[in-house]
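Engineer: my questions concern the predicted model and sequence given below.
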Amino acid sequence: MNILFVRMSYIGDILHATPAARWIKEHYPEAKLHWIVTPTMAEILRHNPYVDEIIEWERDAYEAHSKKIHIPTMWRMCWELREKIKPYKFDVAVDVQGRLITGLVLLASGAPIRLGLGGTKELNWLFTNFKSEANQDHVIKRYLQVAQLLPKALEKHGFSAVSLGVSQSDGIDLQMVLNLSESEIAWAQAEVDTYFNKLVHDSNILSPEVAIPTTQTQSRRARIAIVPGASWASKEWPIYHWTSLVRALLPEMDIVYVGGPKEAREFSPQLPQGEHVYDMMGKTTIRESAALIKACDIVVSGDTGSLYMATAEMVPSVSLFGPTKPQQWGPITGSYHVLQQSDMDCLGCRKRKCPKGHHNCMNELTPERVAQVIRELVTRTI
């Protein structure tokens with residue numbers, strides 16, 4: 001049985017979908033699961049034991065052409081996708097993105113069984129013949145509900161695929177899957193250890209009278225991964241708050257900045273630098289960023305992909321939420337602490353720009369409050 005799994009973009013969204021892929025593969029281990037994803041996101045699925053093949057398609061390019069109504073190019077890209085995936089002869093297509101574009105992918109797949117989310121917009125419902133119930137559950141659970149349509153759909157279509165039949169009483173695993181390799185983890189650990197241990201070594205040379213032996217059993221400063229950027233401006237904590245937080249932590253903790261080229265341009269010039277700060281923004285791939293986060297003791301971020309990479313790798317987190325709802329999108333496994341201004345009636349507006357113009361859902365989360373939670377978490381985990 002060939003299955004096409006559709007969740008094409010964004011780090012957090014793809015990771016949120018990995019428990020659904022695992023559920024399918026654990027129940028139908030003989031099935032071949034092919035995940036279609038935009039090329040820039042493909043590395044997130046590398047080494048995932050529940051994905052048999054990654055199919056890359058330029059979803060972002062298609063979206064760019066659709067916004068400019070480049071009909072000939074859009075048609076050509078859809079036709080090329082159809083020709084690319086036609087040889088797979090898919091039996092099932094699973095759409096957990098719920099957009100018009102992913103509905104078109106279902107159509108191109110030719111699969112007779114097409115599973116999707118209930119309550120979708122953009123005419124996505126036209127392309128699915130089995131839908132989950134529309135609800136406000138956490139997105140991981142919603143994606144799993146789509147996957148769990150598979151046994152009934154197979155039975156109705158007369159497929160002979162046999163499920164292992166894991167019962168609901170056995171529990172559903174909500175843990176996301178990133179699966180960093182041993183070499184990736186070793187690289188990041190060596191990178192961070194070398195940088196911060198050099199500081200200790202240099203300090204001992206300069207002040208031999210207070211030299212501290214650098215043994216493996218020696219206690220060390222907590223290492224905090226700071227992720228200042230987010231995909232939406234409305235999800236970002238103000239840079240002056242990040243600056244105040246880092247300055248408050250530096251006397252007692254080491255800081256690793258994590259982010260891409262955008263964060264390097266926008267935040268590196270404004271954030272505290274120097275001793276006990278390792279700025280890796282704009283210098284790593286997605287997986288290298290995840291490995292650096294794993295080499296730290298705690299990650300601090302907004303609602304962004306790095307938070308979910310940390311959650312997938314069981315790194316304790318402190319996350320700052322405003323325009324999105326942590327009950328639907330935030331961490332639900334591992335050790336985590338979510339901060340938000342719970343007394344605001346506009347929380348979870350899902351707007352990329354604050355409709356009220358004040359952005360108080362993020363502005364009023366104070367650095368003092370965040371620092372206190374970090375210190376408490378360090379005390380429990382280090």
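Structural biologist: Thanks, I have the structure now. Numbering: from 1, shown residues only.
Engineer: in a helix, residue 246, correct?
Structural biologist: Yes: the assignment for residue 246 (DSSP: H, G, I helix; E, B strand; the rest coil) places it in a helix.
Engineer: what about it, how many residues nearby?
Structural biologist: As a burial measure, residue 246 scores 23 neighbours (other C-beta atoms under 10 Å). Where you see a C-beta, it was placed from the backbone N, CA and C, and this is true even at glycine.
Engineer: show the pLDDT at it.
Structural biologist: Looking at residue 246, its pLDDT stands at 97.
Engineer: now do residue 62
Structural biologist: pLDDT recorded at residue 62 is 79.
Engineer: relative to residue 79, how far out is it?
Structural biologist: 12 Å (C-beta to C-beta, to the nearest Å).
Engineer: of those two, which one has the most company?
Structural biologist: Each of residue 62 and residue 79 has its neighbours counted (other C-beta under 10 Å); residue 62 has more, 21 against 11.
Engineer: that one reaches residue 100, doesn't it?
Structural biologist: No: with contact defined as C-beta atoms under 8 Å, residue 62 does not reach residue 100; the gap is 10.7 Å.
Engineer: residue 55 and residue 81 touch, don't they?
Structural biologist: No: in this structure residue 55 lies outside contact range of residue 81 using C-beta under 8 Å: 9.1 Å.
Engineer: between these two, who's got more neighbours?
Structural biologist: Taking neighbours as other C-beta under 10 Å, residue 55 and residue 81 compare with residue 81 leading, 21 against 18.
Engineer: to which secondary structure element is the residue nearest to that one when sequence neighbours are not counted assigned?
Structural biologist: Nearest non-adjacent residue to residue 81, counting by C-beta to C-beta, 6 or more residues apart in numbering: residue 108, 5.2 Å away. Residue 108 belongs to helix 100-109 when elements are defined using DSSP states H and E.
Engineer: quick one on the thing from earlier: pretty sure the residue nearest to residue 81 sits against residue 78.
Structural biologist: Yes: with contacts counted by C-beta under 8 Å, residue 108 reaches residue 78, the gap being 6.4 Å.
Engineer: so these two - more neighbours on which side?
Structural biologist: residue 108 (23 against 17).
Engineer: who touches that one in this structure?
Structural biologist: 78, 81-82, 85 (C-beta atoms under 8 Å, 6 or more residues apart in numbering).
Engineer: all the strands of the stretch 1-150 of the chain, residue numbers only.
Structural biologist: Assigned by DSSP state E, counting those that start in this stretch, the stretch 1-150 of the chain shows strands spanning 2-6, 32-37, 53-56, 92-95, 113-116, 130-131.
Engineer: deepest-packed of the ones you listed, please.
Structural biologist: Mean neighbour count (mean count of other C-beta atoms under 10 Å) peaks for strand 92-95 among the strands of the stretch 1-150 of the chain, with a mean of 28.
Engineer: paired strands for it, with orientation please.
Structural biologist: Here strand 92-95 has these sheet partners by DSSP bridges: strand 2-6 (parallel), strand 113-116 (parallel).
Engineer: closest to residue 69 out of those?
Structural biologist: Set against residue 69 and scored by C-beta to C-beta, the strands paired with strand 92-95 come closest in strand 2-6, at 23.6 Å.
Engineer: what comes into contact with the closest one?
Structural biologist: The contact list for strand 2-6 (C-beta under 8 Å, 6+ apart) reads 17, 20-21, 24, 28, 31-36, 51, 55, 85, 88-97, 102, 105-106, 109, 111.
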